[in-house]
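[1] Below is the sequence, then the predicted model.
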Amino acid sequence: MTLKDRFYNYIQDLQDTITSELEVIDGKAKFRQDLWKRPEGGGGRTRVIENGNVFEKGGVNISGVHGKLPESMQQYFGVEDADFFACGLSLVLHPKNPMVPTVHANWRYFEMYDKTGNIVNQWFGGGQDLTPYYLFEEDAKHFHEVCKSACDKHNSNFYLNYKGRCDDYFYNAHRNEGRGIGGLFFDYCKASKDMNMQNWYDFVTEVGDSFLEAYVPIVKKRKDLPYTKAQRDWQEIRRGRYVEFNLVHDKGTLFGLKTNGRIESILMSLPPHVQWVYDHQPEAGSEEEKLIKVLKKPKNWI
């Protein structure tokens, strides 16, 4: 079995595992499934949950697409007349309770081919990151400890490296603040003298398998905490920053749009209720300000 087939089978199974677990936690809503095809080649399986007890909106999507690399992407990669294959799992969960953080994760694989069909480039990418509205430091430490544990099984330098890349990437430069408190981000993971493609496969699937361990205990701990309307308003204002990042900076959104991806699947990451309040500033000394201070300067949690 080829590497791309193995990885596509893996993300199919991982989607089943994650969605089943999340439905149990929610206790009310079920994932709606859409199977879709891309005219140029390939398709995907979109699963969306809405209006649940715990999750206000979320998506856990897989796709495998192939065909001619669009001209805009050829210019980006510096190639001509290339074909490609890309597959991955992408998820975003927006909980109802502002004490529960939003989470994002993605694990993907890419191949590029010459005119004779030979692979001329291939790599893995992905990661997982947390976006809280109220900062519970023990939750941040737990999430990062799970990320570090997954990394350490493959290379002792991976966690600090990919944690740093996550802080750099998920950054709203136009706001001078991070989107959240980070996690892991890695891309263009190619064969080298230290890591062959099987090694990278093992690492990426290790991170994928760690997702539920990293996130679910936080959800269970915070989902029934009381909250006020003011705290809900703050959540919706911060969700606006999430939207800004995804529409202005996110490379995955750009790739999906430029390869004629399915719009509903690409934009499923956007939350249902958002506010943009003019020049909103948190009160000095408040829990809201505590969060902003951390977002302005990334912190080492472990």
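    Ah, there it is. Everything numeric here is computed off the predicted structure, so don't read it as measured data.

[2] Pull out the buried residues from the biggest helix by length in the chain.
    Of all segments of type helix in the chain, defined using DSSP state H, the longest is helix 197-222. By 16 or more other C-beta atoms under 10 Å, the buried positions in helix 197-222 come out as 197, 199-201, 203-205, 207-208, 210-212, 214-216, 218-219, 222. To be clear about C-beta, it is placed using only N, CA and C from the backbone, and glycine gets the same treatment.

[3] what helices or strands is that helix leaning on?
    helix 3-26, strand 83-95, strand 102-113, strand 119-131, helix 137-152, strand 182-189 (3 or more C-beta pairs under 8 Å, 6 or more residues apart in numbering; DSSP states H and E).

[4] quick check: angle from it to strand 102-113?
    160 degrees (axes from the mean of the first three to the mean of the last three C-alpha atoms, to 10 degrees).

[5] packing partners for the next helix or strand after helix 197-222?
    Toward the C-terminus, helix 197-222 is succeeded by helix 229-248 as the next helix or strand (DSSP states H and E). Using 3+ C-beta pairs under 8 Å, 6+ apart as the contact test, the elements touching helix 229-248 are strand 171-172.

[6] And for the strand it packs on, what's in contact with it?
    For strand 171-172, contacts defined as C-beta atoms under 8 Å, 6 or more residues apart in numbering pick out E177, G178, R179, R241, E244, F245, V248, H249.

[7] Now flag whichever of the residues you listed is closest to H273.
    R241 (14.2 Å; C-beta to C-beta).

[8] can you pull the contacts of that closest one?
    Applying C-beta under 8 Å, 6+ apart to R241 gives the contacts N172, R175, E177, R179.

[9] now swap in N61 and tell me
    By C-beta under 8 Å, 6+ apart, the contact set of N61 is Q15, G44, R45, T46, R47, L89, S90, L91, S265, M268.

[10] now it, nearest residue through space, not along the chain?
    The shortest distance from N61 to any residue other than its chain neighbours is 4.7 Å, reached at T46 (C-beta to C-beta, 6 or more residues apart in numbering).
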